[in-house]
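1. predicted model, plus sequence, below.
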Amino acid sequence: MVNIFKKVDNSSQLETDPLLGSKAEIQPFWKKSWFIICMVILIVVVFSTIILYVFYHKNGSLNDIHHVESKENAFTFNATTSSDNPVNVESNENVVTYNGATSSNNSVNVEYKSYPTSRVSSIATTNGDYFKQCAPAVTCNPDDIYRTYNGSCNNLQNPNWGAALTPFYRLMNAEFDDGNNTFRVQLDGKPLPSARQVGVTLFYMRDIRNYDHANNELLVPWGQFLTHDISYYPDDIRNDSTPAHLDHCFEKDKTKIPIECETAILIAADDPVYSQYNVSLFKFVRSTTSVNFSCPLTPRTILNRNTQYIDASHVYGSNKKTADGLRTFANGKLRSRILEDEEYCPQNADSEFKDGPLGKSDVQFAAGDVNVNQNLAIALFQNLFLRYHNHLADEIQTLNPSWSDERVYQETRRIVGAIIQVITYEHFLPILLGDEYMKEYGLTGQTTYDPSINSALAQEMTSGAFRAVHNIIPAKFNLISANYSIIDEVEPSRVLLQPDLLIGNFDNMLRGFLDTPGRAVQPSYNNLITNVVFKIPNLDGYSGFDLMSYDIQRGRDNGLPPYNKMRQLCGLKKANTFKDLSDLISSEDIETLKSLYSTVHDIDYIVGALLEKPRNGSMVGPSTACVIGDSFYRFKVGDRFFYDILGQPGSFTPEQIKSLKKITLSHIMCASSNLGHMQKETFRYVDPKIMSSIMYSCESYKLDLSPWKEVQ
Ligand code: HEM
Ligand SMILES: [Ca+2]
C-alpha cells in the first residue's frame with residue numbers, strides 16, 4: 001500500500017529538483033504560490049457561501065441539498081427549506097425543474113425521473129384477455145387509405161386494438177375487494193370513506209385562486225371535446241329508465257339495502273349543503289361492463305364505446321350505422337338544420353332526454369357521440385365541427401368537382417381528424433403538460449409508427465388522471481356580445497342535457513370562452529359543479545349533482561389502483577407513511593387525508609392527483625402528467641393514421657402535412673362563426689378591449705387546401 005502521508009524531514013530543507021537536477025532551496029510552504037492561490041480561493045468560497053446563505057434564508061430557497069443523485073435519465077433531489085416561501089430546484093442538464101410551495105414542516109423532497117422518449121410500462125396482466133376470449137374476427141384491407149368507422153384494422157397485426165367496444169387498457173391490475181367486482185376497501189378492512197365526505201372535507205369552499213390570466217376558458221370545451229373522441233362508457237341502466245332508476249334507494253327503510261344501492265354515495269347528516277334538503281345519498285350507477293356484451297371477463301372489464309384513437313369519431317360516429325345516419329350522401333356533407341338562420345346539428349328524434357332530470361329541452365342534437373347534449377360547452381363544439389366539416393366539404397368539392405360524395409366525405413373526415421390531432425398536440429397539450437413533460441413523454445416532433453403500441457385509452461386515464469382537469473371548469477359560462485359586454489351567464493351545472501340555450505347564442509358562447517380568463521389550476525372543483533341541488537320532477541324530493549363525488553366513486557367503480565401505487569408507477573417514491581407525501585402535498589392536506597383514510601395506501605388516485613403540486617410550467621402534478629403523457633404518446637405512435645406519419649397507404653403528402661401543421665382552433669372558429677377576428681394563440685387569454693391590435697382578421701385564417709387539388 002502506498003503511504004500518502006509522507007514524513008517530512010524538517011531538518012533538511014534541501015531536496016533534488018527534478019527539473020534542474022541540482023539541489024534547490026525549498027521555501028517554507030506558506031510562501032509558495034500554490035498555497036497563496038489556495039488561500040485566496042478559500043476566502044472567496046467562504047465569503048460567497050455566507051452571502052448565499054443569508055440570501056437563501058431570506059428567500060426561502062434551498063439551503064441544504066442533502067442528497068443529489070444523477071443517474072442516466074433520472075434526477076433525485078431531497079432538500080430541506082428554511083421558510084414557508086416557494087422553493088425552486090433546477091437542474092440544467094436534461095432540464096428538470098420544480099417550483100413548489102414548502103409545507104409547513106419545512107421539508108420538500110422532489111424526485112422526478114426524466115424520460116427523454118420514454119413512457120410508463122403497463123404492469124397489468126389482463127390487457128390481452130378480451131382479445132383472446134371475446135374479440136370478433138376481423139378481416140382488414142392493408143391498402144385502405146381511410147380509417148374504418150370503429151377503429152378496427154388500424155393495427156394490422158392486432159386489428160381489434162383501439163377499436164370501439166374493446167376494453168380500456170390498464171396500466172396496473174384492477175383493484176377490487178373480492179378481486180373481481182366489489183369496491184376496494186382500506187388496508188384495515190374498513191370501507192373507504194364516503195366519496196362525498198372526502199370531497200367536502202378536503203375541498204369544500206376552497207375556491208381561493210380565481211383566474212388564470214394566461215389562458216382563457218377554451219381549454220375546457222376543448223378538453224371535453226377531446227375526451228368525447230376517445231372515451232365513452234355509459235352507466236349500466238339495462239333494466240331501468242333514466243332518470244327514475246335507483247329512486248328506491250332513497251327509501252327510508254335502511255334495514256335492507258338492495259344490492260344496486262350499495263354503491264350509492266352517502267351524504268353525512270351534517271353535510272354543509274345537502275343536510276338542509278334532507279338528502280342522504282347520491283344515486284350512483286356502476287359502469288356497463290363486458291358482461292353486457294356477452295363477454296363475462298373477470299375482473300370487471302369496461303368496454304369503450306368510442307374509437308380509442310383521436311379520429312373525430314365523436315363527430316362522425318364509431319360505427320357505420322351512426323355515420324351513415326349523419327350523412328346527406330350529397331357532396332360529402334353532414335346532415336344539419338337551420339335554426340334562426342344558422343346551421344346546427346340535426347335533431348335526435350329518439351332522444352331520451354327531452355324530459356331530462358333538470359328540465360325540458362326541445363332541442364336534442366344528434367352527432368357521432370351520444371353525449372353531444374351533456375352540457376352547453378360540448379354541444380357548442382360539436383356544432384362547431386359540424387359546421388367546419390360542411391365548410392371544408394364545400395371547398396374540397398369545389399377544388400375537385402369530379403370527386404364523388406364518398407370521396408369528398410372521406411377526405412374531409414380524414415382532414416378533420418388530423419386537425420383535432422394538430423390542435424391537441426401543438427396547442428392544447430403544451431399548455432396542459434408544459435414543454436418539459438411534452439419532451440419527456442415523446443409528444444413532440446415527427447411521429448414514427450410503432451405497431452407494438454396499443455393505442456387504447458387507459459382506465460387510469462379516463463377514470464382518473466384526465467378527470468383531474470375538471471378543476472378548471474369555471475362556475476359560469478359567460479355569453480359575450482359583439483361589443484364585448486357580458487349579456488348573460490349560465491352555470492354549466494344547471495344546463496346539463498339542455499342544449500336549446502345554444503340556439504341564437506352560438507357566437508356569444510364562443511366569445512364567452514375566448515374572452516374570459518380561465519379558472520386557475522387548484523385542487524378543488526368550482527363550488528357550483530360540486531354542490532348543485534335540484535328537484536327531480538317525478539320524485540317528491542331533492543337530489544343533487546357533485547362531479548367531484550362522482551369522479552372519486554367512478555375510480556372505485558372501475559377498480560383504479562390507489563394514489564400510492566400510481567405514484568410508484570410514475571417513478572415517484574412509494575410513501576410508507578402519510579408524512580412521505582410531503583414531497584408533493586402540503587402538510588395541511590396530509591393532516592386532512594390522515595383524518596379520512598386509515599393508511600397512506602388507501603387514498604383514492606384522483607384525490608392525490610388533485611392535491612399534488614403541479615410542476616412548474618404544467619397544469620398537473622407528476623402522477624397525473626405521467627398517465628396523461630403516456631396516453632397521448634400511445635395515441636400518437638400507435639395510430640397508423642396519425643397525421644404526420646409517412647409511408648403508410650393513408651399518409652398525407654408532405655405538402656398536405658405542412659399545410660395541416662399551420663392550423664389552429666382560430667381557423668375553425670373563423671370558418672364556423674361570425675366572429676370576424678381572432679388571436680393567433682387561441683387558448684391564450686387576450687383582453688379583447690385592450691389587445692384588439694393583436695387580433696387578426698379571419699381572412700388570415702384559411703387552411704391552404706391547394707395540396708388536395710388532384711392533378712388531372
Ligand atoms: C363543462 C365542462 C365539463 C362537464 C360539465 C363535465 C362533466 C362530466 C361528467 C358528468 C362526467 C361523467 C361522470 C361520471 O358519472 O362518471 C364526466 C366524465 C369525464 N370527464 Fe368531464 N366534464 C367537463 C369537462 C371536462 C374536461 C375539460 C375534461 C378533460 C380535459 C374532462 C374529462 C372527463 C373524462 C376523462 C371523463 C370520463 C370519460 C367518460 O365518461 O367516458 N371533462 N365529465
Ligand atoms: Ca375516437
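-> Perfect, I can see it now. Ligands and ions are numbered 1, 2, ... in the order given.
2. tell me which parts of the stretch 201-350 of the chain are close to ligand 2?
-> 229, 307, 311, 313 (Cβ under 5 Å from the ion). Where C-beta positions appear, they are placed from N, C-alpha and C, glycine not excepted.
3. go through those and single out the one with the most neighbours.
-> Most neighbours among those, by other Cβ atoms under 10 Å: residue 307, with 34 neighbours.
4. quick revisit: can you tell me which of the residues of the stretch 201-350 of the chain next to ligand 2 are in strands?
-> Judged by DSSP state E, those include no members of strands.
5. farthest pair in those?
-> Across these, no pair lies farther apart than 229 and 307, at 7.9 Å, counting by Cβ to Cβ.
6. between the residues of the stretch 201-350 of the chain next to ligand 2, which is nearest residue 580?
-> The closest of those, once distances to residue 580 are taken by Cβ to Cβ, is residue 229, at 37.6 Å.
7. can you map out the helices along the stretch 351-500 of the chain?
-> 376-399, 405-422, 429-440, 459-462 (DSSP state H, counting those that start in this stretch).
8. now the ones you listed in a markdown table, with mean pLDDT and mean neighbour count?
-> Below are the helices of the stretch 351-500 of the chain laid out as a markdown table (pLDDT from 0 to 100; neighbours: other Cβ atoms under 10 Å):
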| stretch | mean pLDDT | mean neighbour count |
| --- | --- | --- |
| helix 376-399 | 97 | 22 |
| helix 405-422 | 98 | 21 |
| helix 429-440 | 96 | 21 |
| helix 459-462 | 98 | 27 |
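9. out of the ones you listed, which gets nearest to residue 282?
-> Residue 282 lies closest, by Cβ to Cβ, to one member of the helices of the stretch 351-500 of the chain: helix 459-462, at 20.4 Å.
10. which elements pack onto the closest one?
-> For helix 459-462, the elements it packs on are helix 622-637, judged by 3 or more Cβ pairs under 8 Å, 6 or more residues apart in numbering; DSSP states H and E.
11. ok and the helix it packs on relative to helix 429-440, angle-wise?
-> Using axes from the mean of the first three to the mean of the last three Cα atoms, to 10 degrees, the direction of helix 622-637 lies 90 degrees away from that of helix 429-440.
12. pull the CA atoms of whichever helix or strand comes after helix 622-637 into CSV?
-> Under the assignment DSSP states H and E, the closest C-terminal helix or strand after helix 622-637 is helix 654-661. Output of helix 654-661 as CSV, limited to C-alpha atoms (Å, rounded to 0.1, in the frame of the first residue of the first chain):
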residue,chain,number,x,y,z
PRO,A,654,-45.5,16.2,-47.1
GLU,A,655,-47.2,19.3,-48.6
GLN,A,656,-50.5,18.4,-47.0
ILE,A,657,-48.8,17.9,-43.6
LYS,A,658,-47.1,21.3,-44.0
SER,A,659,-50.5,22.8,-44.5
LEU,A,660,-52.2,20.9,-41.7
LYS,A,661,-49.5,21.9,-39.2
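13. just give me the neighbour total for the residue of the stretch 51-200 of the chain found nearest ligand 2.
-> Using Cβ to the ion, the closest approach of the stretch 51-200 of the chain to ligand 2 is made by residue 151 at 6.6 Å. By the criterion of other Cβ under 10 Å, residue 151 has 29 neighbours.
14. that one belongs to a helix?
-> No - applying DSSP: H, G, I helix; E, B strand; the rest coil, one finds residue 151 to be coil, outside a helix.
15. give me phi/psi at it?
-> phi 80, psi 0 (degrees, to the nearest 10).
16. quick one, what contacts it?
-> Shown in contact with residue 151 (Cβ atoms under 8 Å, 6 or more residues apart in numbering): 162, 163, 164, 307, 308, 309, 311, 313, 318.
17. got CSV for the residues of the stretch 201-350 of the chain next to ligand 2, with pLDDT too?
-> Converted to CSV, those look like this (pLDDT from 0 to 100):
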residue, pLDDT
229, 98
307, 98
311, 98
313, 98
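18. hmm, back to that, list residues touching both of residue 229 and residue 307?
-> Contacts common to residue 229 and residue 307, judged by Cβ under 8 Å, 6+ apart, are residue 313.
19. below-threshold pLDDT in the stretch 101-250 of the chain: ranges please.
-> The stretch 101-250 of the chain contains residues with pLDDT under 70 at 101-118, 207, 237-250.
20. is the closest residue to residue 204 other than its chain neighbours part of a helix or strand, or is it coil?
-> Once flanking residues are discounted, residue 204 sits nearest to residue 272: 6.0 Å by Cβ to Cβ, 6 or more residues apart in numbering. Three-state assignment for residue 272 (three-state DSSP): coil.
21. number of residues surrounding residue 272?
-> Neighbours of residue 272 under the rule other Cβ under 10 Å: 11.
22. how about residue 128?
-> 12.
23. return the subset of the residues of the stretch 201-350 of the chain next to ligand 2 lying in helices.
-> Among those, the ones falling in helices (DSSP state H) are 229, 313.
24. ok, the residues of the stretch 201-350 of the chain next to ligand 2 vs residue 284, which is closest?
-> Within these, the smallest distance to residue 284 is 25.6 Å, found for residue 229 (Cβ to Cβ).
25. nearest spatial neighbour of the closest one, chain-adjacent residues omitted?
-> Per Cβ to Cβ, 6+ apart, closest to residue 229 is residue 314, 4.8 Å.
26. tell me the pLDDT at the one you found?
-> Per-residue pLDDT puts residue 314 at 98.
27. list the contacts for it?
-> Listed by Cβ under 8 Å, 6+ apart, the contact set of residue 314 reads 225, 228, 229, 306, 367, 368, 369, 372, 382.
28. thank you kindly, that will do.
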